[in-house]
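Engineer: I'll drop the sequence and a predicted model, then ask my questions.
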Number of protein chains: 2
Amino acid sequence: MIRRKTIQCDLVLDAVNRLKDHATAEEIYEEIAKEHPSIGRGTVYRNLGRLSEEGKIRKVEVPGGPDRYDHICIEHYHVKCQKCGRVFDVDMPYMPNLEKNIKDGHGFVFTGHSIMFTGICPGCRKKY
Amino acid sequence: MIRRKTIQCDLVLDAVNRLKDHATAEEIYEEIAKEHPSIGRGTVYRNLGRLSEEGKIRKVEVPGGPDRYDHICIEHYHVKCQKCGRVFDVDMPYMPNLEKNIKDGHGFVFTGHSIMFTGICPGCRKKY
DNA sequence: ATTCTTATTGTGATATAATCTCATTAAGGA
DNA sequence: TCCTTAATGAGATTATATCACAATAAGAAT
């Protein structure tokens, strides 16, 4: 199945790159809809999925929150602010061999890991 | 606000302890409903929340899946099977000082972390 | 440039997880 | 036994995400 180039797909990619800090699908939809109100939510979701598969953006699944989309595609870790729910990058080297520390896999085949730190972001720290 | 003892709350705690392996709220509801069909889903959710707050069970937020509830309350790590979505314990020491490896917190106050490994469980490995 | 095929879109329905509302029930103190 | 009010059960509602399908449009063929 040949993948066609569409302006909607470009708009989604542009929005992720522009919004940078781990926008949700809804935020991306609203960003695009400001200029192109006729775009559909389904189209945004679909293209976010496709762009993630193609490796042009990176889906960040957040425990206890909606998925977010990152313009940085190399593996890295994130912090989630427990007050506002926003997600930020963490300045910590990626540990590709973390799975090696597992003593007994009990027959599991390990394929990767994700780390989500929790904390309070500078903005929320002031408020509360 | 005084917390009252109810049979429903006991049923939820018992079900989590009985089901052990990180059941979802729905699974816990169904387990209880087998014997007590009149229990409401809302009640199960409410008591799961309260028991987590009280530290009697532990809520495990799973990226890309429903929350799960663990009868083991000490901090530890989990693997999620990418085929069946089930969650298992991982035999790896907890790293209480992982946050210390963060070079620059950018004003963040870190309060903890969770690690979710991904992989394929023994059961699914056979099937696929 | 025109036609044709079909991938993609926009709309709206549906699924899933979780929370909320509220009248009713029942826990537990008086 | 009565009284107060926390907790329940039923059902509505919210949030996130996916799906179905007729209409549109990308891009190859003519």
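Structural biologist: Arrived safely.
Engineer: is stretch A:97-115 positioned near DNA strand D?
Structural biologist: No: when contact is scored as Cβ under 7 Å from any atom of the strand, no part of stretch A:97-115 falls within range of DNA strand D; the minimum is 14.6 Å. (Glycine included, C-beta is placed from N, CA and C.)
Engineer: close to chain B, is that stretch?
Structural biologist: Yes: contact between stretch A:97-115 and chain B is present through A:98-99, A:101-115 (criterion: Cβ under 8 Å from any Cβ of the partner chain).
Engineer: again with stretch A:56-63
Structural biologist: Yes: residues of stretch A:56-63 are located near chain B by Cβ under 8 Å from any Cβ, namely A:61-63.
Engineer: ok, stretch A:27-47 next?
Structural biologist: No: interface with chain B: stretch A:27-47 contributes nothing (Cβ under 8 Å from any Cβ), its closest point being 14.1 Å away.
Engineer: report the distance from that stretch to the chain centre.
Structural biologist: 16 Å (Cα atoms, centre = their mean, to the nearest Å).
Engineer: first-to-last residue distance for it?
Structural biologist: With Cα to Cα, to the nearest Å as the measure, stretch A:27-47 spans 14 Å from end to end.
Engineer: thinking again about what came up before, list buried residues within the residues of stretch A:97-115 next to chain B.
Structural biologist: Buried residues within those, counting neighbours by 16 or more other Cβ atoms under 10 Å in any protein chain shown: A:98-99, A:102, A:105, A:108-110, A:113-115.
Engineer: still on that earlier bit, which one (most neighbours) among the residues of stretch A:56-63 next to chain B?
Structural biologist: Counting neighbours by other Cβ atoms under 10 Å in any protein chain shown, A:Val62 comes out on top of the residues of stretch A:56-63 next to chain B with 21 neighbours.
Engineer: that residue against A:Lys80, yeah?
Structural biologist: Yes: because the distance of 6.0 Å satisfies Cβ atoms under 8 Å, A:Val62 is recorded as touching A:Lys80.
Engineer: find residues that contact each of those two.
Structural biologist: A:87, A:116 (Cβ atoms under 8 Å, 6 or more residues apart in numbering or on different chains).
Engineer: list the buried residues of stretch A:32-41.
Structural biologist: Within stretch A:32-41, the residues that qualify as buried by neighbour count (16+ other Cβ under 10 Å) are A:32-33, A:39.
Engineer: close to DNA strand C, is the helix or strand harbouring A:Ile32?
Structural biologist: Using DSSP states H and E, A:Ile32 maps to helix A:25-35. No: judged by Cβ under 7 Å from any atom of the strand, helix A:25-35 and DNA strand C are separated, with a smallest distance of 9.1 Å.
Engineer: wait, a strand at A:Ile72?
Structural biologist: No: assessed by DSSP: H, G, I helix; E, B strand; the rest coil, A:Ile72 does not belong to a strand; its assignment is coil.
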